[in-house]
Structure formats: structure tokens, C-alpha cells
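In: just the structure for this:
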Amino acid sequence: MFSIPGKQAVTLTPAAVAQIRKLMDSKGHQGLRVGIKKGGCAGMEYTMDYADEIDPHDEVVDQDGARVMIAPMAQMFLFGTEIDYEISLLESGFKFRNPNVTDACGCGESIKFKDVAELEAERAGRA
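Out: Predicted structure coming up:
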């Protein structure tokens, strides 16, 4: 696990907290599980799914009544990320402000991360 004592793996903006709480309340889920998967033109994509139970290996972020579980394989890549919820005339959805992203495609759905060795070295330096 790549957490630093006293620091959450991700933070949520007030808009994200409100949307996650609304989804949790209306659907009766434990929260949202965030992960990453291979895909897209830049190589990786974020995933978000409803979570009905907390996996013991998940990193759990509870913030103001909103709960996000980070899948084990995504923890290193999401550390330091701010999750926001934005509404515009054309679309609405969760947005990730991730300091570990080195490139993103034009559609904004696909990202590329720093390599694993670089991420591990950064985490070791912060601990």
C-alpha cells in the first residue's frame, strides 16, 4: 500500500462529496470503487463502479459522508489525486486531477502515468 500516515490517498472536492453522497443514498451502496485499467489511446483509463462491500485490500477514503474505495492495483497511480464533479452545458461527470499523469489524450478519457519505478521512488522520498 502506498499511503502516507495521516494523509488520504485521494481528496474529494465539495462537489464530488455531494455527488457521491447522493449516489450512495439513492442506490444504497457502500460507496464508489475507483480503479484503472489498460485502454484508450494514451494507455490507461479510470474506472468507477458502485461498491456494495469494502474489499479488505481497498484503500478507503471517507470524507464528509462520502466513501471512495481505491482498488489495490490503482493505489500507487492515484495517490495525491483530487476528484471533482463538474457540470457543464454539454456534460457532467467526475474529473480527476492527478499529479502522476504525464500525458492525456484529446478526449480526456485516456491517460498515461509516470513509470512504476519513478512513482515508487517518489513515494519512498515522501515517507
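In: tell me which residues in the strand or helix carrying Asp49 are buried?
Out: When secondary structure is defined using DSSP states H and E, the element that contains Asp49 is strand 44-51. Residues 44-46, 48, 51 are the ones in strand 44-51 that count as buried (16 or more other C-beta atoms under 10 Å). C-beta coordinates here come from the backbone N, C-alpha and C atoms, glycine included.
In: as TSV, the residues you listed with pLDDT and distance to Met76 would be great.
Out: What follows is the buried residues of strand 44-51, written out as TSV (pLDDT from 0 to 100; distance: C-beta to C-beta, whole Å):
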residue	pLDDT	distance to Met76
Met44	80	12
Glu45	85	16
Tyr46	85	14
Met48	91	18
Ala51	90	20
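In: for Ala16, state which of these is nearest.
Out: Ranking the buried residues of strand 44-51 by separation from Ala16, with C-beta to C-beta as the measure, puts Met48 on top at 11.0 Å.
In: so who does that closest one touch?
Out: Under the criterion of C-beta atoms under 8 Å, 6 or more residues apart in numbering, the neighbours of Met48 are 32-35, 94.
In: need the buried ones from those selected in PyMOL.
Out: This is the PyMOL syntax for the buried subset of those, where burial follows 16+ other C-beta under 10 Å:
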select buried, resi 32+33+34+35+94
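In: run through who's touching the biggest helix by length in the chain.
Out: Of all the segments of type helix in the chain, defined by DSSP state H, the longest one is helix 14-27. When contacts are defined by C-beta under 8 Å, 6+ apart, helix 14-27 is touched by residues 12, 29-32, 50, 63-68, 83-86, 94.
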